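**Q** Using only what follows, build the 3D model:
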Amino acid sequence: MATIRKKGPYQWHVQIRRKGFPSATKTFESESAALKWARDIESKMDKGVYFDRSEAERTTLGDLIDTFLKEHAPFQYKRREDGKEAYKFQCAHLKKRLGKYCLAAIDQRVVAQYRDDRLADMWRGKPISGSTVKKELNMLSKLMGFAEIEEGIDLPRGNPVRKVRMPKDSAGRDRRLTENEWERLEIECRASRNRSLWPCVQLAVALGARQGELLNLQWKDVNKKRRVALLRETKNGEDRPVPLSSQALSILESLPIHINSGKVFNLGRMTLYHAFIAAVKRAKINDYTFHDLRHEALSRLSERGDLSMLEIASISGHKTLKMLQRYTHLHAEKLAQKLG
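**A** So this is what the prediction gives:
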């Protein structure tokens, strides 16, 4: 039964108590609005479809993000030394655009508008990629799941992200350096004040490792006798052993051992980033990133012609062969040469 009390001018307080349901309360400016809400809630209770949405109306996405970053993220994500965790940037973009919305107000239309607005944004003269926006929407979906499962907040419409079309992934980069560009890059990397830059570039190509995997590599995980290195804290969260070629062994043999850190490269991510970008600029090379070295490594493995795609995937760490599809034409060319 609903109880309606007038608590003051334009303040009509409604309280509904029914066995088997949580207490429902709300305040309205008029008695008619209070009566209408009470009838609606009681009708839903009669049909067994009522749930309490007050918490979803009180909690904004900004509040949820703050709780997520403080109580959940530190245990879910491994801390990086430079503090440049991608999830923090994703949460920052979501909070900037949707932070003032209460969770009950975020439906598929709001999410779709966020998607379209982000795809129209520019970064360094280029539109934001579909892959970037897709990652942000996946983070929003994770936040909604966190609200339901960890915080016990009932979402009136469920998880709205699941009802929205995701943007297409961006086409994979296919930037490779010419022989002349490689020569210029080597000269500028060797000329860098950072003496680890060129060995780092060489080993990135020799191992096909991502930047983070390379910078986290420790000497204790390098077995020169068995010619295997163990990459930890990989993108998919699993440790990955990679074979050490003769070239990789030679590079490792030339490096000093940092006793204090135990790491092969005693470098921070941003230190390496700035040193590499500066060398690329001095070499007058356009549109080339450190991650392109990984593409170069996998392209070279495919061009060998004596490795299967499964073998290449075991080196690269890809869970499925779909991500390696752009290298299949290189593999096929070598097979064609074998067939004559």
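
**Q** use CA for all of it now, contacts and neighbours both
**A** Noted.

**Q** gap between the two ends of stretch 45-55?
**A** Using Cα to Cα, to the nearest Å, one end of stretch 45-55 lies 18 Å from the other.

**Q** avg pLDDT for it?
**A** Per-residue pLDDT values across stretch 45-55 average out to 71.

**Q** cool, and stretch 224-233?
**A** Along stretch 224-233, the predicted local confidence has a mean pLDDT of 91.

**Q** what sits up against that stretch?
**A** Taking Cα atoms under 8 Å, 6 or more residues apart in numbering as the criterion, the residues outside stretch 224-233 that touch it are 212-214, 216-217, 221-223, 238-245, 249.

**Q** hang on, isn't Glu31 packed against Pro9?
**A** No - here Glu31 lies out of contact with Pro9, judged by Cα atoms under 8 Å, at a distance of 11.0 Å.

**Q** Which of those two has more residues huddled nearby?
**A** For Glu31 against Pro9, the residue with the higher neighbour count under other Cα atoms under 10 Å is Glu31, and the figures read 18 against 8.

**Q** Show me what Leu230 is bridged to.
**A** Per DSSP bridges, the residues bridged to Leu230 are Pro241.

**Q** that older thread, list buried residues within the contacts of stretch 224-233.
**A** Among those, those buried by neighbour count (16 or more other Cα atoms under 10 Å) are 212-214, 216-217, 221-222, 240-244, 249.

**Q** Just those residues: which are in helices?
**A** By the criterion of DSSP state H, membership of the buried ones among the contacts of stretch 224-233 in helices covers 212-214, 216, 249.

**Q** quick one on the thing from earlier: return the member of the buried ones among the contacts of stretch 224-233 nearest to Gly152.
**A** Minimum separation from Gly152 among the buried ones among the contacts of stretch 224-233 (Cα to Cα) is found for Gly212, which lies at 35.3 Å.

**Q** Report the buried residues of the helix ranked longest in the chain.
**A** Here the longest helix in the chain is taken by residue count, with DSSP H as the criterion, and it is helix 130-149. Neighbour counts using 16+ other Cα under 10 Å place 130-141, 143-148 of helix 130-149 among the buried residues.

**Q** Tell me where the stretch 51-200 of the chain has strands.
**A** Using DSSP state E, counting those that start in this stretch, the strands assigned to the stretch 51-200 of the chain run over residues 122-123, 126-127.

**Q** Can you say which of those strands is nearest to Glu55?
**A** Go through the strands of the stretch 51-200 of the chain one by one with Cα to Cα and the one that ends up closest to Glu55 is strand 122-123, at 35.7 Å.

**Q** returning to that earlier point: among the buried ones among the contacts of stretch 224-233, which one sits closest to Tyr77?
**A** Of all the buried ones among the contacts of stretch 224-233, Tyr77 sits closest to Gly212, with 14.1 Å by Cα to Cα.

**Q** Let me know whether that closest one touches Met270 as I believe.
**A** No - counting by Cα under 8 Å, Gly212 stays clear of Met270, with 11.0 Å between them.

**Q** Okay, now the unreliable bits of the stretch 151-300 of the chain?
**A** Across the stretch 151-300 of the chain, the ranges flagged by pLDDT under 70 are 170-172, 258-260.

**Q** Can I get stretch 248-263 as CSV, trimmed to CA atoms?
**A** The C-alpha coordinates for stretch 248-263 follow below in CSV (Å, rounded to 0.1, in the frame of the first residue of the first chain):
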residue,chain,number,x,y,z
ALA,A,248,68.7,-12.1,-31.5
LEU,A,249,71.4,-13.9,-29.5
SER,A,250,74.1,-11.6,-31.0
ILE,A,251,72.1,-8.5,-30.0
LEU,A,252,71.7,-9.8,-26.5
GLU,A,253,75.4,-10.7,-26.2
SER,A,254,76.3,-7.1,-27.0
LEU,A,255,74.1,-5.6,-24.2
PRO,A,256,75.3,-4.7,-20.7
ILE,A,257,73.5,-6.4,-17.8
HIS,A,258,71.7,-4.0,-15.5
ILE,A,259,72.1,-5.6,-12.2
ASN,A,260,69.9,-3.2,-10.3
SER,A,261,66.8,-3.5,-12.4
GLY,A,262,67.4,-7.0,-13.9
LYS,A,263,65.8,-5.8,-17.1
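
**Q** Identify the residues contacting that stretch?
**A** The contact list for stretch 248-263, computed with Cα under 8 Å, 6+ apart, reads 199, 202-203, 206-207, 215-220, 224, 227, 264-266.

**Q** and stretch 104-119, average pLDDT?
**A** 94.

**Q** Tell me the buried residues in it?
**A** Of the residues in stretch 104-119, those buried by neighbour count under the rule 16+ other Cα under 10 Å are 104-108, 111-112, 114-115, 118-119.
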